[in-house]
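A.B. asks: okay, structure incoming, though there's no sequence with it:
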């Protein structure tokens, strides 16, 4: 009982990258709801599993410009996402912004505590027209490398070409949003988090049993 109580929590660091020029979302309310539903799912996951701890960083991108809304705050502090949506057109330098957001988050890693899992969720239709620093190929190289290190990437959005764009940049875990939002969509991220958490618990148990046997 004492050992369980003193067990170090399974810590997950989340990065949300939100495309504020996503033109395929039917309404501004729908874009905000996708992010807030995901935050709710993570919050519910921690509430149900006391052995989990979730911290969140949210970055928005508007016309290629990156804004850090919050950095490494506990999930319960990120109570509501209510940024202003840009309705002036598509995010032409989207790949540059996604690559820049990931690079910035990695550069700030020394300001965060140790994480057992890194989860990156990108909310966008994936349209890019004029990125210069990052191409789909360079993003795929970066994302594939980080995935090999255990990072988890999820892309959430709409549009006919959305699945192809996600795969083209190396993200095979994606969800196509179709209004109205269903309970399946709302709980998509929490299902991924539960799976990752369970795998980690199994790994920890196997390592513990190996050490005892030795």
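C.D. replies: All right, it came through fine. Worth saying up front: this structure is predicted, and the values here are computed from it rather than measured.
A.B. asks: tell me who's in contact with residue 155.
C.D. replies: Listed by C-beta atoms under 8 Å, 6 or more residues apart in numbering, the contact set of residue 155 reads 121, 122, 124, 126, 162, 165, 166, 171, 173, 174, 175. All C-beta spots, glycine's among them, are computed from the backbone N, C-alpha and C.
A.B. asks: enumerate every residue touching the closest residue in space to the third one that isn't next to it in sequence.
C.D. replies: The reference is to residue 124. Distances taken as C-beta to C-beta, 6 or more residues apart in numbering put residue 19 closest to residue 124, at 3.4 Å, once the chain neighbours are dropped. Counting by C-beta under 8 Å, 6+ apart, residue 19 makes contact with 61, 91, 94, 97, 122, 123, 124, 125, 157.
A.B. asks: and of those residues, the nearest to residue 145?
C.D. replies: Within the contacts of residue 19, the smallest distance to residue 145 is 16.6 Å, found for residue 122 (C-beta to C-beta).
A.B. asks: and that closest one, that one's in a helix?
C.D. replies: No. Judged by DSSP: H, G, I helix; E, B strand; the rest coil, residue 122 forms no part of a helix; its state is strand.
A.B. asks: local confidence estimate at it?
C.D. replies: We have a pLDDT of 94 for residue 122.
A.B. asks: start the count at 27 instead of 1 going forward.
C.D. replies: Yep, numbering from 27; the last one is residue 148 now.
A.B. asks: name the SS class of the closest residue to residue 147 other than its chain neighbours, please.
C.D. replies: With C-beta to C-beta, 6+ apart as the criterion, residue 147 has its nearest non-adjacent residue at 4.8 Å, and that residue is residue 180. Three-state call for residue 180 (three-state DSSP): strand.
A.B. asks: same check, this time on residue 140
C.D. replies: Under the three-state scheme (three-state DSSP), residue 140 adopts coil.
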